[in-house]
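Novice: I'll drop the sequence and a predicted model, then ask my questions.
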Amino acid sequence: MIVTVTMNPSIDISYPLETLKLDTVNRVPFVSKTAGGKGLNVTRVIDQLGGDVLATGLLGGHHGAFIQSQLNIEGINHQFAKIAGETRNSIAILHDGGHQTEILEAGPEVSILELAAFEKQLHLLLKEASLVTLSGSLATGIPVDYYQRLLSIANQYGVKTLLDTSGKSLKASLENTEKPYLIKPNTEEISDLMGQELVIEDLEQVKLLLSGDIFTGVEWIVITLGAKGAIVKQGTDFYRVEIPEIAVVNPVGSGDAAIAGLAFALDSDFSVEEVLKYGMVTGMLNAMERKTGHINPDKLDKLKEKIVVTKI
């Protein structure tokens with residue numbers, strides 16, 4: 001069973017507009033509201049792939065109840081810890097031919113007692129888990145190094161951890177002995193982490209940076225490049241992944257879908273090439289759908305055939 005952790009869930013609201021006009025009224029013809037937050041997008045895509053998945057994390061208030069009701073409707077297993085605060089909204093405005101403007105609430109304040117109750121529940125879930133994903137931001141009141149604590153708990157049970165976060169939270173998770181099994185930064189996030197720009201065309205620089213001490217113990221480093229695919233370090237090997245051009249409808253959640261594909265493939269003991277293809281194809285399939293965190297599995301095999309994985 002794959003367990004997905006979402007420490008700061010949200011109701012994801014998507015507003016498509018031909019043109020975003022400032023200082024006036026904008027009327028939208030279509031609104032999408034989904035149970036969201038990065039971890040729940042991961043959950044949904046794993047479920048659509050046919051994986052055995054359970055969602056956990058923190059939920060509170062009317063928004064939390066809405067998210068639980070949506071998961072129930074979709075038939076997705078979940079066991080969330082309850083908090084007193086109101087779960088947040090996250091708004092994405094899709095406008096002006098491919099531009100995306102996001103308005104993200106910080107999320108509720110979480111107490112030490114609420115975190116302790118969540119951890120008690122997580123211990124029980126990890127006894128039955130084979131893999132866990134940790135995704136997204138941390139709500140107010142949660143220490144910036146909190147993912148390090150969750151990594152330590154997962155490692156107690158020998159559960160592989162896929163970590164998808166950025167900034168101080170990612171750095172704190174890598175500067176300790178308890179390391180994630182996989183991380184998935186984009187070029188901006190990895191450059192910020194290393195304190196220098198990563199030049200993808202300079203493969204020797206890429207190899208040198210990704211072999212740094214901070215990454216010791218991390219089995220998979222998947223650097224996503226958007227439409228250009230990915231650069232990957234797996235063990236001591238490096239790979240370039242190239243993807244075909246697609247018609248993008250809604251890119252929101254594509255990174256989460258990629259984590260879902262990676263998690264599903266790793267949990268299925270697929271080959272390195274298949275793991276990378278699943279990570280890329282699920283991200284692309286999400287971008288081709290209107291709803292965030294959704295894929296059409298019927299399109300998977302044909303699109304996956306067009307992905308090229310090259311050892312470098």
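Specialist: That came through fine.

Novice: the residue nearest to K184 when sequence neighbours are not counted: helix or strand, and which one exactly?
Specialist: Computed as CB to CB, 6 or more residues apart in numbering, the closest residue to K184 that is not its neighbour in sequence is V222, at 4.6 Å. Yep, even glycine has a C-beta here, placed from its N, CA and C like the rest. Under DSSP states H and E, the secondary-structure element containing V222 is strand 220-224.

Novice: so what secondary structure elements neighbour that strand?
Specialist: Strand 220-224 sits against strand 182-183, helix 187-194, helix 203-210, strand 230-234, helix 254-267, helix 272-287, with contacts defined as 3 or more CB pairs under 8 Å, 6 or more residues apart in numbering; DSSP states H and E.

Novice: and the contacts of it?
Specialist: With CB atoms under 8 Å, 6 or more residues apart in numbering as the contact definition, strand 220-224 has outside contacts at 181-187, 190, 198, 200, 206, 210, 215, 230-234, 255, 258, 262, 276, 279, 283.

Novice: what's the nearest residue to T187 once chain neighbours are set aside in contact with, if anything?
Specialist: Counting by CB to CB, 6+ apart, L198 is the residue found nearest to T187 once chain neighbours are left out, at 5.5 Å. Contacts of L198 were listed using CB under 8 Å, 6+ apart, and they are 187, 190-191, 205-206, 209, 223.

Novice: can you say which of those are buried?
Specialist: 187, 190-191, 206, 209, 223 (16 or more other CB atoms under 10 Å).

Novice: let me have these in a markdown table, extended by distance to Y157 and pLDDT.
Specialist: Listed next are these as a markdown table, based on distance: CB to CB, whole Å; pLDDT from 0 to 100:
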| residue | distance to Y157 | pLDDT |
| --- | --- | --- |
| T187 | 33 | 90 |
| I190 | 29 | 92 |
| S191 | 33 | 91 |
| V206 | 33 | 90 |
| L209 | 31 | 89 |
| I223 | 28 | 96 |
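
Novice: looking at those, which is nearest L174?
Specialist: Distances from these to L174 were compared by CB to CB; the smallest belongs to I190, at 11.0 Å.
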